[in-house]
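Asks: Need coordinates for the below:
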Amino acid sequence: MELLLIHQNHPGQFRDLTPALERRGHRVLGLGATPRGQRLDYAWRPPALPAGLVDPLLETNLHRAGRVQERCLQLRGQGYRPQAVLAHSGWGECLYLRDIWPEAVLIAYPELYAAPLLLGYGFDADLGEPSPALRAQWRRGNLMGLAAIADADACVVPTRFARDTFPPHLRSRFHVLHEGLALPPAATGSTRLRLEGGPTLVKGDPVITFASRNLEPLRGFRSVLRALPAVLAARPDARAVIVGGSGSGYGAPSSHPEGHKGELLALLGHRLPLERVHFLPPLPHRELLALFRISAAHVHLSYPYALSWSLLEAMASGALVVGSDNPPLDEVIQHGHNGLLVPFSDTDRLAETLLAVLADPPAFAAMADAGRVTVAARYEVNRAAEAFEALIRSLRLLR
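Replies: Now for the predicted structure:
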């Protein structure tokens, strides 16, 4: 089949799905906002918008939709006729696709329906109530996703939780189908990671790890740092490796000049032995996987939000994951079987759990092995490619 995959940050979530579909004999064309290797792009820059707009982001998404329309019309003029289009619809890319290729199967990937809970309101005790203006912004932000759902033959989301963020009367349009990831190779021989300016860590060391695109509340950074003083005081031989940027990807930024990291370090003060807490910027993928392989306990906390690839990659790398006991993590981790779950904000419980793991790593080895089996059985990319192919074929039969 001729398949078109569209994502603003192409390949985005389709990173491993694209080559898996190609290995199955399909011709896959990727389209994104910037050039990526051999993929096409719709090369655009955010427009200069007049002051006083009610919602500049919505206006920007409309411009983005127009640029995608122009690029796809060029492709159609060159004779390109995809049999199916899979498009992330959060930023407007889907808006005009039905008119351009009415004969193609159109699958939208709307990801989430914005609501207060997703950004921690009513979940994180550190947050107050969202303002009416913020609620209105979320409503407007859902417009592109709703338009895509209306035009699509079907919608795909990676978790049941994601599906259930959408209004009940729309959920029958959805298929819960994770886009899949390529399993990292199993560790062979000694696994080690040298920290720049620091020690070399090896498998078996009492190392606690945490990784997120940015060190911010949504992914539990505050809870992790609040738990570490007790853990590191009880285990003078333990270290923590924390990976992430200083920006703010989700939710409001910190007022501290050094971001959420600086804010928490100022609050914790001398309680945190910084000589044993290693803050690293986002790592190259290979190094991140190496870090997971040497981890004695990998902490992954999150608001009820999108399922992070780093959670699945940590489990697939053989790390024992200590996650937060809420969706969507509880769709992946069964407490005591393939990982451990603790309440998101219960830092005492998190510290106790980490100390238990560090005290007796062999007791948790089978649990870590079960985590890798879970990812292989449910999220491996070749299985996902087969499922996407079956969905597309079934939708084509209905047209």
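
Asks: C-alpha from now on. contacts and neighbour counts both.
Replies: Fine.

Asks: tell me how far the helix or strand bottoming out on mean pLDDT in the chain is from the chain's mean position?
Replies: When each helix and strand of the chain is scored by mean pLDDT, DSSP states H and E, strand 40-41 comes last, with a mean of 73. Centre-to-centre, strand 40-41 and its host chain are 23 Å apart (Cα atoms, centre = their mean, to the nearest Å).

Asks: what does that strand contact?
Replies: 29-35 (Cα atoms under 8 Å, 6 or more residues apart in numbering).

Asks: Now the buried members of those residues.
Replies: Buried by 16 or more other Cα atoms under 10 Å: 29-34, out of these.

Asks: sorry, back to before: now the contacts of strand 40-41 in TSV, please, with extra columns for pLDDT and secondary structure.
Replies: Output for the contacts of strand 40-41, formatted as TSV (pLDDT from 0 to 100; DSSP: H, G, I helix; E, B strand; the rest coil):
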residue	pLDDT	secondary structure
Leu29	94	strand
Gly30	92	strand
Leu31	92	strand
Gly32	89	strand
Ala33	86	coil
Thr34	78	coil
Pro35	67	coil
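
Asks: so what's the backbone phi/psi at Asn214?
Replies: Main-chain torsions, Asn214, degrees, to the nearest 10: phi -130, psi 150.

Asks: Could you report the neighbour count for it?
Replies: Counted with other Cα atoms under 10 Å, the neighbours of Asn214 add up to 22.

Asks: residues in contact with it?
Replies: Counting by Cα under 8 Å, 6+ apart, Asn214 touches 244-249.

Asks: Now, these that are in strands?
Replies: Of these, the ones assigned to strands by DSSP state E are 244-245.

Asks: Any of the contacts of Asn214 buried? List them.
Replies: Here, 16+ other Cα under 10 Å leaves 244-248 buried among those.

Asks: Going by distance to Glu389, which of these wins?
Replies: For the buried ones among the contacts of Asn214, the residue nearest Glu389 by Cα to Cα is Gly244; the value is 34.9 Å.

Asks: who's in contact with that closest one?
Replies: Applying Cα under 8 Å, 6+ apart, the residues near Gly244 are 211-215, 279-282.

Asks: I'd like a version of the buried ones among the contacts of strand 40-41 in a markdown table, one that adds distance to Leu195 as further columns.
Replies: Converted to a markdown table, those look like this (distance: Cα to Cα, whole Å):
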| residue | distance to Leu195 |
| --- | --- |
| Leu29 | 39 |
| Gly30 | 36 |
| Leu31 | 37 |
| Gly32 | 34 |
| Ala33 | 34 |
| Thr34 | 32 |
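
Asks: just curious, which of the residues you listed is nearest to Ala133?
Replies: The closest of the buried ones among the contacts of strand 40-41 to Ala133 turns out to be Ala33 (Cα to Cα; 29.1 Å).

Asks: Isn't the closest one up against Ala43?
Replies: Yes - the pair Ala33 and Ala43 passes the contact test of Cα atoms under 8 Å, sitting 5.4 Å apart.
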